[in-house]
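[1] Starting from these lines, generate the structure:
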Amino acid sequence: MNGNLNDVLIHLQDDVRQHFGWDHQDDAKSALALLAACEMHPNAEDYGWSRSARIVTLERVREMLTKADTVVLVGAAAQRRDLDRSWPEGTVFVAADGAVGACLELVEPVCVVTDLDGGEHLDGAVAAGIPLFVHAHGDNLSTWARLLKTWESNPPQLVLTHQCRDTVEGMLNPGGFTDGDRAACLMRWLGVEEDKMRFVGFSTDRVGPWSGTTDPVRKLEKLVWMATVLDLACPKWRTVKKDAQRSDSTRDFETQA
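    Now for the predicted structure:
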């Protein structure tokens, strides 16, 4: 990703915090605590949670994504019928949090981008051995602490993300706010070309069935910010949607938005 674009996306996170009245210190506290919980875990190396192991996971995922012909991002408004079709060879998938529930048994995502409110659908991802890009923010410290403990019986491969202004060594901030737009930012940060990206289940006017427990009114506010981020990170995402609606030949890449 262009460094200037990443700076803009990170600055936008401050705008989001200001809009919702969130405290940057809470985000920083959660990020640093998650980093320490993984790296200081007595079984960090065996679990794949050490810094060196997370780098290996990151590079393996990067290679799969950048070598793919098409990267389909699956958002919370996806329907299983959107995925239950014949996909061209060289297509890979990235799920945004609970949207992995729409994928399982139909397609296997390369990774799941999550702030951990995807509930039982994340359990399915962990059981399937799908790497998780786990995001820390001020409101999910207790959630990730509980899940790290739960996952000890079957530890998933992890990469850690945050939304702080400053660099956190061992974590990524590719930009983004919701799991869906953060997934798009992550793809660009990893070097996935925008022309290779397709969007399924990205809605700006309704709460998707794969969203976690949420306040619907507040969620719709968040979706407005999601669209703002996507317009910056992947300006063609709306064009892909319109092309899909106009032509049956692009039906495989239909965007639900």
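[2] which residues of the stretch 151-257 of the chain fall in helices?
    Assigned by DSSP state H, counting those that start in this stretch, the stretch 151-257 of the chain shows helices spanning 179-190, 216-233, 237-246.
[3] between these, which gets nearest to S50?
    Taking Cβ to Cβ, helix 179-190 is the member of those nearest to S50, at 20.7 Å. In this view, the C-beta of every residue, glycine as well, is placed from N, C-alpha and C.
[4] Same question for that closest one: list its buried residues.
    Buried residues in helix 179-190, counted by 16 or more other Cβ atoms under 10 Å: 179-190.
[5] Show me the one of the helices of the stretch 151-257 of the chain that comes nearest W87.
    Using Cβ to Cβ, the nearest of these to W87 is helix 237-246, at 14.1 Å.
[6] Name the helix or strand for the residue positioned nearest the centre of the chain, please.
    Centroid check for the chain by Cα atoms, centre = their mean gives V113 as the closest residue, at 2.6 Å. Using DSSP states H and E, V113 falls within strand 111-114.
[7] Spatially nearest residue to A78, not counting backbone neighbours?
    Leaving aside its sequence neighbours, A78 sits nearest to G201 (Cβ to Cβ, 6 or more residues apart in numbering; 2.7 Å).
[8] Would you mind measuring from the one you found to P131?
    Distance of G201 to P131, computed by Cβ to Cβ, to the nearest Å: 20 Å.
[9] Tell me the confidence at K149?
    Looking at K149, its pLDDT stands at 97.
[10] can you check Q245 too?
    34.
[11] likewise D69?
    Looking at D69, its pLDDT reads 98.
[12] Is there a neighbour count for it? I'd like the number.
    Applying other Cβ atoms under 10 Å, we find 10 residues neighbouring D69.
[13] Make sure it is actually in contact with V192.
    No. Using Cβ atoms under 8 Å as the test, D69 is too far from V192 to be in contact (11.1 Å).
[14] Do a quick rundown of the strands in the stretch 1-150 of the chain.
    Secondary structure of the stretch 1-150 of the chain (DSSP state E, counting those that start in this stretch): strands located at 70-74, 91-96, 111-114, 132-135.
[15] Was I right to think V71 contacts M197?
    Yes. Using Cβ under 8 Å, V71 makes contact with M197 at a distance of 5.3 Å.
[16] For these two, list the residues in contact with both.
    Common contact partners of V71 and M197 (Cβ atoms under 8 Å, 6 or more residues apart in numbering): M187.
[17] Relative to C103, which of the buried residues of helix 179-190 is nearest.
    A183 (12.7 Å).
[18] could you measure the residue nearest to that closest one when sequence neighbours are not counted against P88, distance?
    The spatially closest residue to A183, leaving aside those adjacent along the chain, is V113, at 4.0 Å (Cβ to Cβ, 6+ apart). V113 sits 23 Å away from P88, going by Cβ to Cβ.
[19] do D181 as well
    From D181 to P88 the distance is 25 Å (Cβ to Cβ).
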